[in-house]
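**Q** Below: sequence and its predicted model.
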Amino acid sequence: MKHAFHIPVLGLAFSIDSPLKVAKFGISSVMSIVDDELIERMRAFHAQENQLYYVSIKKTEKDYRAKRITAYLNLVQQIIDMQIFHIKNEEFSPDSDLTKYFELLPDSDFSKRRYKTMLETEGVAQKTALQEELKTMVVPGEIDVNIMAKVDKLNVDAKGNKLDEKYSDALAALRGFAQSNLRSSVVLSAGMNPRLYNYLTELPPFFPNRYGVLEKKIILKVSDYRSAYIQAKYLAKKGLWVSEFRIESGLNCGGHAFATEGYLLGPILEEFKQKKEELVQELSSIYRAALLEKGTSNVHTLPIKFAVQGGIGTAEEQVFLLTYYGFDSAGWGSPFLLVPEATTVDDDTLTQLIRADKSDFYLSDSSPLGVPFNNFKGSTAEQRRMERIAKGVPGSPCTKKYLVSNTEFSEEPICTASRVYQHAKINELKSRTLPDAEFQSQFDKITAKTCLCEGLAASAYLKYNIQKPKESTAVSICPGPNTAYFEDTYTLKEMVDHIYGRRPLALKERPSIFLNELHLYVEYLKNMAKNSFDDVKKLKVIQKFKDQLLRGVAYYRTITNEMEKFGFKETRSFLSMLSNYEEELKGQG
């Protein structure tokens with residue numbers, strides 16, 4: 001990697017073509033490959049934009065989902081190859097992408113130092129030689145893909161007959177990536193799916209080729225060490241190597257929020273720091289033994305990278321996380337929603353994000369998955385949800401069915417955000433004689449669910465004006481709480497310069513990443529404690545959660561001096577806030 005940061009997956013649409021925007025500058029990004037309908041329409045759009053051949057892949061074709069994903073990923077690779085070719089044939093003029101490529105690089109990068117040498121060189125022959133050398137150093141960023149492991153609906157054919165498991169949503173997506181021309185990684189997130197993990201063993205690109213090289217790599221996105229260890233060990237026993245762990249804050253992130261049991265980011269990173277070498281050695285031993293058992297003798301020792309993401313907002317935070325904990329890369333997600341050069345956010349939603357304040361970003365029950373979801377009050381999907389409730393017709397039409405799971409009212413699973421489910425559930429609720437306050441509370445829980453399949457894809461359709469007639473244009477967006485501190489749109493250069501501390505952006509007053517996350521966990525604990533006074537089991541969970549948060553507060557006190565060395569300011573205020581949260585926690589229960 002040329003850069004010390006990457007852009008994680010952002011919903012369905014928001015990073016669906018980010019590689020086409022940033023890979024040519026050496027920046028790595030991640031695309032979701034959940035929604036094959038979105039992917040197929042993006043392929044049609046970008047093929048036309050680049051005057052490339054396009055033939056649609058119909059849903060009537062066998063294995064259409066995997067084929068669509070493969071075709072789009074191949075198109076993305078083809079376009080980026082063209083971009084890199086053009087960049088290498090440009091001159092070092094002020095406005096060229098070639099110049100921009102090197103200007104964006106971190107100052108510590110070897111090729112950036114050579115670039116600066118070239119700028120300072122006066123001799124024509126020497127300068128020309130350096131320019132030709134620099135052009136050979138231009139390499140694209142990684143084109144990675146994301147699969148939410150547990151979003152894995154089993155499918156049926158046109159006649160309603162059940163298809164083989166290999167045609168399930170997650171397995172078909174994985175196959176689409178495996179059959180593509182990309183030489184990159186799949187990021188597996190949202191927990192462990194044995195069916196998906198076992199299917200990896202049927203895909204040769206995830207095993208070493210005859211040169212001992214992995215053509216396709218595995219990245220695990222996890223929220224704690226235990227999860228990383230269990231999943232990686234499971235895969236290693238099958239001869240599958242995890243090339244990178246991406247540790248994400250449980251709550252201080254965008255999208256779905258997978259809260260830990262009170263473990264804060266700092267202590268989690270400390271555990272990785274202390275156990276990294278031991279982890280790599282153990283996994284290597286298991287991995288080599290598994291491959292030898294499969295008859296693979298050409299087994300090389302492979303490295304593991306470690307990345308951190310979720311709520312990073314300043315250069316000082318990035319440098320501290322990477323240097324103090326010995327990590328390789330930092331993920332900057334939600335701030336890039338405000339960078340049109342990097343992500344795909346429709347104009348209206350972008351305007352709402354800029355105008356928003358801290359209270360507009362909140363943890364909701366909106367997701368049909370039943371997992372807390374970072375929501376935005378200014379989104380048109382949220383406005384549309386409230387309008388439907390007011391009209392007496394809550395719920396959404398369910399067309400894509402990626403998140404169907406409930407069988408309370410039917411043999412075939414339906415989505416809890418669908419109009420069908422919410423109508424049936426509300427009728428059931430009405431049949432019970434409940435006090436008004438309790439009825440309203442239950443009603444609000446039912447109608448909180450919103451359609452994410454359509455909402456998280458709509459932004460791309462609006463941005464590129466490719467929506468279909470009568471198609472919903474209500475946009476769902478899932479920015480992390482950290483977005484509240486950025487107050488404008490930014491150019492790619494402005495954001496990258498901010499990340500590297502060259503020209504810091506003027507942010508709204510913002511607590512440090514650690515205090516932001518701690519605040520979110522304290523609020524999460526308070527919500528857990530509501531209506532749990534008589535539940536012994538819940539009280540035990542809450543006490544364990546609280547104790548873990550208190551241990552996290554104590555840990556942060558031990559690293560305050562180290563934080564100061566890396567440019568963290570107002571550490572006295574930091575310690576004071578830790579004490580305030582400590583008192584608040586001790587006063588709970």
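**A** Looks like it arrived, so ask away.
**Q** Would you mind measuring from the closest residue to K2 other than its chain neighbours to S111?
**A** Excluding the flanking residues, the one nearest K2 by Cβ to Cβ, 6 or more residues apart in numbering is G26, at 3.6 Å. For glycine as for every other residue, the C-beta is placed from the backbone atoms N, C-alpha and C. Distance, G26 to S111, using Cβ to Cβ, to the nearest Å: 9 Å.
**Q** Show me the protein divided up by domain.
**A** 5-120+137-331, 358-476 (automatic domain parsing).
**Q** correct me, but R355 touches G378?
**A** Yes - with contacts counted by Cβ atoms under 8 Å, R355 reaches G378, the gap being 7.3 Å.
**Q** When those two are compared, which one has more neighbours?
**A** G378 (19 against 10; other Cβ atoms under 10 Å).
**Q** for that one, phi and psi?
**A** phi -80, psi 0 (degrees, to the nearest 10).
**Q** which residues sit in contact with it?
**A** Applying Cβ atoms under 8 Å, 6 or more residues apart in numbering, one finds that G378 lies in contact with T349, Q352, L353, R355, A356, D360.
**Q** And for A417, the neighbour number?
**A** Neighbours of A417 using other Cβ under 10 Å come to 28.
**Q** surely it meets S396?
**A** Yes - the pair formed by A417 and S396 meets the contact definition of Cβ under 8 Å, at 5.6 Å.
**Q** For the two, list the residues in contact with both.
**A** Common neighbours of A417 and S396, counting by Cβ under 8 Å, 6+ apart, are T450, C451.
**Q** What does the pLDDT read for L369?
**A** pLDDT, L369: 89.
**Q** how about the residue with the largest distance to the centre of the chain, phi and psi?
**A** Centroid-distance maximum for the chain: G123 at 46.8 Å, with Cα atoms, centre = their mean. Torsion angles at G123 (phi, psi; degrees, to the nearest 10) stand at phi -60, psi 130.
**Q** measure it to L130 for me?
**A** Distance from G123 to L130, by Cβ to Cβ: 10 Å.
**Q** List of residues touching stretch 276-289?
**A** Against stretch 276-289 from outside (Cβ under 8 Å, 6+ apart): 228-229, 232-233, 236-237, 239-242, 272, 299, 301-304, 306, 326.
**Q** can we see that at 7 Å?
**A** Y229, A232, K233, A236, K237, G239, W241, V299, T301, I304, F306 (Cβ atoms under 7 Å, 6 or more residues apart in numbering).
**Q** Repeat that for stretch 115-131.
**A** Contacts for stretch 115-131 (Cβ under 7 Å, 6+ apart): F92, F102, R114, L134.
**Q** Can you select the buried ones from those in PyMOL?
**A** A single PyMOL command selects the buried members of the contacts of stretch 115-131 (16 or more other Cβ atoms under 10 Å):
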select buried, resi 92+102+114+134
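**Q** How about residues contacting the helix or strand containing Q77?
**A** Using DSSP states H and E, Q77 sits within helix 64-88. The contact list for helix 64-88, computed with Cβ under 7 Å, 6+ apart, reads 19-20, 23-24, 33, 36, 39-40, 42-43, 46-47, 50, 52, 57-58, 61, 97-98, 101, 135, 138, 140, 143, 172-173, 175-177, 179-182.
**Q** how about a cut-off of 8 Å?
**A** 17, 19-20, 23-24, 31, 33, 36, 39-40, 42-43, 46-47, 50, 52, 57-58, 61, 96-98, 101, 135, 138-140, 143, 145, 167, 169, 172-173, 175-177, 179-182.
**Q** tell me the mean pLDDT over the next helix or strand after it?
**A** Next helix or strand after helix 64-88 toward the C-terminus (DSSP H and E): helix 97-104. Averaging pLDDT along helix 97-104 gives 98.
**Q** Distance from helix 97-104 to the middle of the chain?
**A** 26 Å (Cα atoms, centre = their mean, to the nearest Å).
**Q** Run the angle between it and helix 64-88 for me.
**A** 90 degrees (axes from the mean of the first three to the mean of the last three Cα atoms, to 10 degrees).
**Q** distance between the helix or strand following helix 97-104 and the chain's centre?
**A** Using DSSP H and E, the next helix or strand after helix 97-104 towards the C-terminus is helix 110-120. Mean C-alpha position of helix 110-120 versus that of the full chain (Cα atoms, centre = their mean) differs by 33 Å.
**Q** Separate out the buried members of the contacts of stretch 276-289.
**A** Looks like these have Y229, A232, A236, G239, W241, V299, I304, F306 buried, using 16+ other Cβ under 10 Å.
**Q** could you pull out the helices for the stretch 151-300 of the chain?
**A** Taking DSSP state H, counting those that start in this stretch as the test, the helices found in the stretch 151-300 of the chain are 169-178, 194-199, 225-236, 265-293.
**Q** residues of the shortest one that come out buried?
**A** Read that as helix 194-199. Result for helix 194-199 [16+ other Cβ under 10 Å]: buried residues L196, Y197, Y199.
**Q** try stretch 133-145
**A** In stretch 133-145, counting by 16+ other Cβ under 10 Å, buried: L134, M137, V138, P140, G141, E142, I143, D144, V145.
**Q** Quick check on G26 and S111: which one has the bigger neighbour count.
**A** Using other Cβ under 10 Å, the more surrounded residue of G26 and S111 is G26, with 22 against 18.
**Q** so what pLDDT did that one get?
**A** So, for G26, pLDDT stands at 98.
**Q** Do I have it right that it meets F102?
**A** No - assessed by Cβ under 8 Å, G26 is found out of contact with F102, at 9.3 Å.
**Q** gap between the residue farthest from the centre of the chain and S168?
**A** G123 is 62 Å from S168, by Cβ to Cβ.
**Q** repeat for R419
**A** Distance from R419 to S168, by Cβ to Cβ: 25 Å.
**Q** So if I had to pick from these two, which one is more boxed in?
**A** Remark: of R419 and S168, S168 carries more neighbours, 21 against 17, as counted by other Cβ under 10 Å.
**Q** returning to that earlier point: show only the entries of the buried residues of stretch 133-145 found in helices.
**A** L134 (DSSP state H).
**Q** out of the buried residues of stretch 133-145, who's nearest P204?
**A** Relative to P204, the closest of the buried residues of stretch 133-145 is V145; by Cβ to Cβ it sits at 17.6 Å.
**Q** residue contacts, the closest one?
**A** Taking Cβ under 8 Å, 6+ apart, one finds V30, M31, S32, I33, L73, A173, F177, L182, S184, S185, V186, V187 in contact with V145.
**Q** which one of these sits closest to S410?
**A** For these, the nearest to S410 is A173 (25.7 Å; Cβ to Cβ).
**Q** Count residues in the vicinity of the closest one, would you?
**A** Neighbourhood size, A173 [other Cβ under 10 Å]: 28.
**Q** That one and M31 touch, don't they?
**A** No - if you go by Cβ under 8 Å, A173 and M31 don't touch, sitting 11.0 Å apart.
**Q** hang on, V30 in a strand?
**A** Yes - assessed with DSSP: H, G, I helix; E, B strand; the rest coil, V30 lies in a strand.
**Q** ok, back up a step: tell me the most buried of the helices of the stretch 151-300 of the chain?
**A** Across the helices of the stretch 151-300 of the chain, averaging neighbours per residue (mean count of other Cβ atoms under 10 Å) puts helix 169-178 on top, at a mean of 24.
**Q** quick one, it and helix 64-88 angle?
**A** Using the same axes, to 10 degrees: helix 169-178 against helix 64-88 is 40 degrees.
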